[in-house]
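**Student:** Sequence first, predicted coordinates after that:
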Amino acid sequence: MIKLGDNMIVNSKKMLSDAKKGSYAIPHFNINNLEWTRFILEACEEQQIPVILGVSEGAANYMGGFYTVASLVKALVQDLKITIPVCLHLDHGKSVEACKNAIDAGFTSVMIDASSLSVEENVRLTKEVVDYAHARDVSVEAEMGRVGGSEDGVEGKKYHAKIEDCVRLYEETGIDSIAPALGSVHGLYKGKPNLDFVTMQKMNEILPIPLVLHGGTGIPEEDLKKAISCGIAKINVNTELQIVWTKAVRAFLSEDQTEYDPRRIIRSGEVPMKEQIHEFIKIFGTRS
Ligand code: 13P
């Protein structure tokens, strides 16, 4: 019997520390279904760059659960003969239990997002996840401050991370990467994005771990590049791919009112979505 590729997906430690050293960013693209996973894997394989597949709890539930997602990703990596490093990451895990469940199912990286709690509680829950994850070679991202906007229907009120809180979160937990909220929002920006590059740069000088930027959609190219020069080594993108894919599918369906094959309908978004992925990779300067 051929064993499903357990060794084919990796944690994010090496890819992110290489990115921090090389001053580029690894793309984190959120997945929603089999087709999106395939489109993203194929686009990144074409470019020969590492990728992080982000899965929110909502998306995991939508697809059936953590085991379904982990099996799907491993099977696609195997069937598509993907050779690049692929990390399967829980995006915004809301509880220690969710993180542990994702790890048990085969996720290679988790984010514990206790950023809405006090700093003490954030540190306590994050440490619990780190202890469980590191014993299983799984990497951990945590968040400090609050990214604005809405994700999976959860509205966030924006406030900036403080440097001393981030240092404390790192020192007391041993996390592998940190997402400091510094002005970005999930979803579309109301007005112009206003990222706090000064604090970002200071955090990069003080913290030895890679910084993560959430809310990659709608940030101008020059700001994304500036964020990378200030230490951002992972950029999360979700909404932009949703918009590009939906626009293409909508146009396809309105052009042909008689189409009913779901394969052709879903695939009508493939080329524009892959083009958008290539565009992000170019901006992020991602290398192998
Ligand atoms: P966007 O939806 O704004 O691209 O943000 C994605 C994200 O940060 C996922 O964690």
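**Tutor:** Nice, thanks for sending it over.
**Student:** Run through the residues of the stretch 51-200 of the chain sitting next to the ligand.
**Tutor:** By Cβ under 6 Å from any ligand atom, the residues of the stretch 51-200 of the chain that approach the ligand are 54, 91, 92, 186, 187. C-beta: built from backbone N, CA, C; applies to glycine.
**Student:** Just give me the neighbour total for the last one.
**Tutor:** Spelled out, that is residue 187. When neighbours are defined as other Cβ atoms under 10 Å, residue 187 has 16 of them.
**Student:** quick one, helices of the stretch 101-250 of the chain?
**Tutor:** Using DSSP state H, counting those that start in this stretch, the helices assigned to the stretch 101-250 of the chain run over residues 119-134, 163-173, 197-206, 221-229, 239-255.
**Student:** Pretty sure residue 144 sits against residue 164.
**Tutor:** No - using Cβ atoms under 8 Å as the test, residue 144 is too far from residue 164 to be in contact (10.0 Å).
**Student:** Give me the more crowded residue out of the two.
**Tutor:** Just comparing residue 144 and residue 164: by other Cβ under 10 Å the higher neighbour count belongs to residue 144, 26 against 10.
**Student:** residues in contact with the nearest residue to the more buried one once chain neighbours are set aside?
**Tutor:** Closest residue to residue 144 apart from its sequence neighbours, by Cβ to Cβ, 6 or more residues apart in numbering: residue 161 at 4.1 Å. Going by Cβ atoms under 8 Å, 6 or more residues apart in numbering, residue 161 touches 144, 145, 180, 181, 182, 199, 203.
**Student:** Mind doing that once more with 10 Å?
**Tutor:** 115, 143-147, 169, 178-182, 196, 199-200, 203 (Cβ atoms under 10 Å, 6 or more residues apart in numbering).
**Student:** Which two of the residues you listed have the greatest separation?
**Tutor:** Within the contacts of residue 161, two members stand farthest from each other by Cβ to Cβ: 169 and 196, at 17.4 Å.
**Student:** So which of these two has more stuff around it?
**Tutor:** residue 169 (25 against 18).
**Student:** hang on, the earlier thing: can I get the residues of the stretch 51-200 of the chain next to the ligand in JSON lines including pLDDT?
**Tutor:** Below are these laid out as JSON lines (pLDDT from 0 to 100):
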{"residue": "54", "pLDDT": "98"}
{"residue": "91", "pLDDT": "98"}
{"residue": "92", "pLDDT": "97"}
{"residue": "186", "pLDDT": "90"}
{"residue": "187", "pLDDT": "90"}
